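In: Fold the following.
(one chain, ligands or ions: 1)
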Amino acid sequence: MEIPFTKMHALGNNYVYVDLFQYYMEEESMSGIAKAMADVHRGIGSDGMILIHPSDKADVGMRIFNKDGSEGKSCGNGLRCTAKYAFENGIVSKPTFQIETKANIVQAEVFPNEGIVDYVTINMGEPILQRAAIPMLGDATEAVISEDYLVEDQSLKVTAVSMGNPHAVFFVEDIKDAPLYELGPVIEKDTRFPEGVNVEFIQVISEKELHFRVWERGSGITQACGTGACAAVVAAALNGRVSRQEDVTVHLQGGDLVINWAENGEVWMSGEARTVASGLFYYGREQIVESS
Ligand SMILES: N[C@@H](CCC[C@H](N)C(=O)O)C(=O)O
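Out: This is a model prediction of the structure:
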């Protein structure tokens, strides 16, 4: 099977994009194709696969599959790349338009320069703070703000936020000491989060600046997570550590995002989006039988 693709990244969070306006992919194959593409040795190598598809609710639709083939409901970096792709490829012709995800419909604005888009702003909508909707086990109606959280004999405080997908945010004194490898995979699969969780460690530098590292559900460590950066700013604001209604710069491993949790509750995210390559993926031909 020959699948046309474009590889794109936003702050190093890289996905293989397939344009379903041009190519038909069967629902049952999607997860397997995502895993095969993401394989760095036998595939293209990526944090997962993103499908750009027609939508009857918005101008364009987006679906995200993680490296392990699981499907997420939203992806902030993927939304910016999808907006770039949709504008540059004539799927939309206006600079402000709507994108449907499995979580919600968001508003995108692109800033083209001679037809090329390198910078995108997305209105991600309102964060979900109700515990049951994140979802996290416990008293359904409560928000989870700086709650005691014991994991691997370590006493932490968790703030949980959904940006359409679940995030568990932890404050650290120094981002260099964030226990990503040690606790990321354990918290991701903690049964207190019935759908798993994306795990973020943040260091507050000032009311307008954060350091950020992420262990993503289904993909492990990535250089950036857009929904995670939004969740981090919301979590920091809920704990009185950053300003609301003002731009907060989040320093991720792959670069910076600007996040603003506006007075009306909506979260705005601005940052780069880049194209890396395009070509054909020979699905089914790339698999090698293991020698015994
Ligand atoms: N990298 C993304 C989030 C991708 C999905 C996530 N791993 C999940 O399963 O929820 C982003 O930029 O937001």
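
In: give me the residue from the stretch 1-150 of the chain nearest the ligand.
Out: The ligand sits closest to residue 72 of the stretch 1-150 of the chain, with a gap of 3.1 Å, by CB to the nearest ligand atom. In short, each C-beta sits where N, CA and C put it, glycine included.

In: and that residue, how many neighbours?
Out: Neighbour count of residue 72, defined by other CB atoms under 10 Å: 26.

In: Please name the nearest non-neighbouring residue to the residue sitting nearest the centre point of the chain.
Out: Nearest residue to the geometric centre of the chain (CA atoms, centre = their mean): residue 75, 3.2 Å. Counting by CB to CB, 6 or more residues apart in numbering, the nearest residue to residue 75 once its immediate chain neighbours are dropped is residue 64, at 4.1 Å.

In: Next, the contact list for the one you found, please.
Out: Contact analysis of residue 64 by CB atoms under 8 Å, 6 or more residues apart in numbering lists 15, 48, 49, 50, 71, 72, 73, 74, 75, 78, 101.

In: Quickly list what the first one is bridged to.
Out: This means residue 15. residue 8 (DSSP bridges).

In: In contact with residue 186, which residues?
Out: Residues near residue 186 by CB under 8 Å, 6+ apart: 151, 152.

In: Kindly recompute the last result at 10 Å.
Out: 151, 152, 154, 179, 199, 215 (CB atoms under 10 Å, 6 or more residues apart in numbering).

In: Could I get the phi/psi values of the residue nearest to the residue of the stretch 1-150 of the chain closest to the ligand when sequence neighbours are not counted?
Out: Computed as CB to CB, 6+ apart, the closest residue to residue 72 that is not its neighbour in sequence is residue 64, at 4.6 Å. Main-chain dihedrals, residue 64, degrees, to the nearest 10: phi -120, psi 130.
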